[in-house]
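*Asks:* Predicted model and sequence follow; I will ask about them next.
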Amino acid sequence: MALSARTSGVATLVLRVITLGLLTASLVILATARIHEDTLYYAGEIIRSSYDITFKDHYALRYVFSVAAIGCAYTLLVIPLAAIAAVKGMAIGGASFVRLHIFTDIIFCALFSTGGAAGLGFVVDHQIHNKGDPSRVLRFLHFVDASCGLLLAAAICTVVMIMISVSMKT
């Protein structure tokens, strides 16, 4: 069953807004996740100084954060185009623009997938090599898991948008 141009435009707009929400939530969760350790004193001497661990301390988590931030910027850029297409009931530009738009959606879908996979790989690797971590470390890893899950959900929304765009092209 083929969708009308207006219906597919509205569906794409809704999916883009959902994708933006998922990416923003992923950014917020990853940015606020941290492990804080206070300074430990014994007999007036410092045994262990205080420290914070955030996403900035691990390259894989920096990549996850960067992917979510770039994805937010891209989604903010194309939401007005999707809104115009939903109101007009037809795609903006010619066939070349539609092909370019599908291509960029495919690139960002791959980017979201690799970002989510990199973060989940970090968590699994950390859990394998550091058994018996304190609860605050596990809490941090759960935040990273949630952030990566939202990034993968954004990838799924992007796949559905690609399917709608390709079905409208044919």
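*Replies:* On my side now, so go ahead. Numbering: from 1, shown residues only.
*Asks:* Ile53 and Phe122, how far apart?
*Replies:* 12 Å (C-beta to C-beta, to the nearest Å). From N, CA and C alone the C-beta is placed, and that goes for glycine too.
*Asks:* okay, these two: which has more neighbours?
*Replies:* Phe122 (21 against 16; other C-beta atoms under 10 Å).
*Asks:* Surely that one touches Val144?
*Replies:* Yes: look at Phe122 against Val144 with C-beta atoms under 8 Å: they come within range, at 6.9 Å.
*Asks:* Now the common contact residues for the two.
*Replies:* Shared contacts of Phe122 and Val144 (C-beta atoms under 8 Å, 6 or more residues apart in numbering): Leu61.
*Asks:* Just confirm Gly93 is within a helix.
*Replies:* No: using DSSP: H, G, I helix; E, B strand; the rest coil, the assignment for Gly93 is coil, not a helix.
*Asks:* Spit out the contact partners of it.
*Replies:* Contact analysis of Gly93 by C-beta under 8 Å, 6+ apart lists His101.
*Asks:* Please, where are all the helices along this structure?
*Replies:* With helices called from DSSP state H, the chain shows them at 5-32, 59-88, 95-129, 135-169.
*Asks:* Same list (those) but as TSV, adding mean pLDDT.
*Replies:* What follows is the helices of the chain, written out as TSV (pLDDT from 0 to 100):
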stretch	mean pLDDT
helix 5-32	91
helix 59-88	90
helix 95-129	89
helix 135-169	89
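*Asks:* Tell me who's in contact with Leu81.
*Replies:* Leu81 sits next to Ile92, His101 when contact means C-beta under 8 Å, 6+ apart.
*Asks:* Look up how far Val28 lies from it.
*Replies:* Counting by C-beta to C-beta - Leu81 and Val28 are separated by 25 Å.
*Asks:* What degree of burial does the nearest residue to Cys72 once chain neighbours are set aside show, as a neighbour count?
*Replies:* With C-beta to C-beta, 6 or more residues apart in numbering as the criterion, Cys72 has its nearest non-adjacent residue at 4.7 Å, and that residue is Leu23. Look at Leu23: counted by other C-beta under 10 Å, it has 27 neighbours.
*Asks:* start at 776 instead
*Replies:* Sure thing, new numbering starts at 776, so read that last one as Leu798.
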